[in-house]
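Visitor: Structure for the following, please:
(one chain, ligands or ions: 1)
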Amino acid sequence: MAKQRQQAARGTGKIRPTAYVLNGPNLNLLGKRQPEIYGRATLADVEALCRKACDGLALGLVFRQSNHEGQLVDWIQEARDKAAGIVINAAAYTHTSVALLDALNAAEKPVIEVHLSNIYRRESFRHHSYISPAATGVICGLGPKGYVLALEALADMI
Ligand code: DQA
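Guide: Here you go, the predicted structure:
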């Protein structure tokens, strides 16, 4: 499906469907923050991986990070109008935020929840995700590759 769309988009000047990849608090510190858990790749590295994947999948990409819950809600609302689908690593807000759950439910788009680490191997408070009920799928524990897999899955859905 993605391949067909890629071929169709090539040379037609058609606007590509856009994936919004949204990142929550402290992910700006990737590469420096607890590398034994999150690895050495920086957020810029993750963005570069996503950009390469989106090029291959004929998807546009909006890639953002915020430490603020309300900003993430605003971006999800923006995605409701502008995105074909959402990949979200809500970081710590995963485990606390009804506001993000409500925004994702209102988005009416495919949503893939991603975590770099395997949240089920960690502290018990990380085992519950408020946003999973709004997600089409959840990927965790595969590091930055999880973002690429999420984009591939999204491309198949849209
Ligand atoms: C995380 C897991 C969360 O529990 C944590 O609060 C994060 C990152 C991950 O990508 O593994 O900040 O979402």
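Visitor: Tell me how far residue 56 lies from residue 16.
Guide: Going from residue 56 to residue 16 by Cβ to Cβ, to the nearest Å gives 12 Å. Using the backbone N, CA and C atoms, a C-beta is placed for each residue, glycine as well.
Visitor: helix or strand right after the worst-scoring helix or strand of the chain on mean pLDDT?
Guide: Each helix and strand of the chain was given a mean pLDDT (mean pLDDT, DSSP states H and E); the minimum falls on helix 2-9 at a mean of 53. Proceeding N to C from helix 2-9, the next assigned helix or strand is strand 18-23, under DSSP states H and E.
Visitor: Which residues of the protein lie near the ligand?
Guide: The chain comes close to the ligand at residues 26, 89, 91-92, 94, 115-117, 119, 126, as judged by Cβ under 6 Å from any ligand atom.
Visitor: from these, which two are the most distant?
Guide: Largest separation among the residues of the chain next to the ligand by Cβ to Cβ: 26 and 119, giving 14.4 Å.
Visitor: Of the two, which one has the most company?
Guide: Set side by side, residue 26 and residue 119 show more neighbours around residue 119, with 18 against 14, by other Cβ atoms under 10 Å.
Visitor: Low-confidence stretches in the chain?
Guide: Along the chain, segments meeting pLDDT under 70 span 1-14.
Visitor: In it, what residue spans correspond to strands?
Guide: Under the criterion DSSP state E, the chain contains strands at 18-23, 60-65, 85-89, 111-115, 137-140.
Visitor: hey, which of these is tucked in deepest?
Guide: strand 85-89 (a mean of 27; mean count of other Cβ atoms under 10 Å).
Visitor: Give me the contacts around that one.
Guide: If you take Cβ atoms under 8 Å, 6 or more residues apart in numbering as the criterion, strand 85-89 is touched by 17, 19-24, 27, 50, 72, 76, 79, 100, 104, 107, 109-116, 131, 147, 150-151, 154, 157-158.
Visitor: What pairs with that strand, parallel or antiparallel?
Guide: Paired neighbours of strand 85-89 in the sheet (DSSP bridges): strand 18-23 (parallel), strand 111-115 (parallel).
Visitor: so which of those comes closest to residue 140?
Guide: Among the strands paired with strand 85-89, the nearest to residue 140 by Cβ to Cβ is strand 111-115 (3.9 Å).
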